[in-house]
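J.: need a 3D model of the following:
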Amino acid sequence: MTTVISDEKQRVRLGDIAPQEVFQVTRPDADHWLLTRLHSPASTKRMTRAEVKQALREHPLRMKMTWEELRAMTREL
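T.: Here you go, the predicted structure:
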């Protein structure tokens, strides 16, 4: 069993943890702390420039309402 002492800023250094790793900290009771490593989700494959252009051609970014409908919806009465 390894003993660890916190420093003045209440930090504890753990040996097998790399910088920038993220943990969830839970406290089951007053005498115990539980660290659970959180894994970042796998990154999705980025679209290529050609795929982006094709997607914009198929589904152009257009408003589904007129400017007058938008004005009427957003004005305070």
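J.: so which residues of the chain form helices?
T.: Ranges of helices in the chain, per DSSP state H, are 49-58, 67-74.
J.: lowest-confidence stretch among these?
T.: Note on these: helix 67-74 shows the lowest mean pLDDT, a mean of 88.
J.: quick one on the thing from earlier: need the helices of the chain in a markdown table (columns: distance to residue 36).
T.: Any C-beta I mention is one placed from the backbone N, CA and C, and that applies to glycine too. Formatted as a markdown table, these follow (distance: least, C-beta to C-beta, whole Å):
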| stretch | distance to residue 36 |
| --- | --- |
| helix 49-58 | 37 |
| helix 67-74 | 44 |
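J.: turn the ones you listed into JSON lines, columns for mean neighbour count.
T.: Formatted as JSON lines, these follow (neighbours: other C-beta atoms under 10 Å):
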{"stretch": "helix 49-58", "mean neighbour count": "10"}
{"stretch": "helix 67-74", "mean neighbour count": "9"}
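J.: quick one: contacts for residue 3?
T.: Going by C-beta atoms under 8 Å, 6 or more residues apart in numbering, residue 3 touches no other residue.
J.: for residue 30, find the nearest of the helices of the chain.
T.: Counting by C-beta to C-beta, residue 30 lies closest to helix 67-74 out of those; the figure is 51.9 Å.
J.: need the contact partners of the closest one.
T.: Applying C-beta under 8 Å, 6+ apart, the external contacts of helix 67-74 come out as 63, 65.
J.: and that helix, how far from the chain's centre?
T.: Helix 67-74 has its C-alpha centroid displaced from the chain centroid by 33 Å (C-alpha atoms, centre = their mean, to the nearest Å).
J.: same question for stretch 21-32.
T.: Chain-centre distance of stretch 21-32: 20 Å, with C-alpha atoms, centre = their mean.
J.: now do the strands in the chain.
T.: 22-29, 32-38 (DSSP state E).
J.: can you say which of the ones you listed is nearest to residue 5?
T.: strand 32-38 (14.1 Å).
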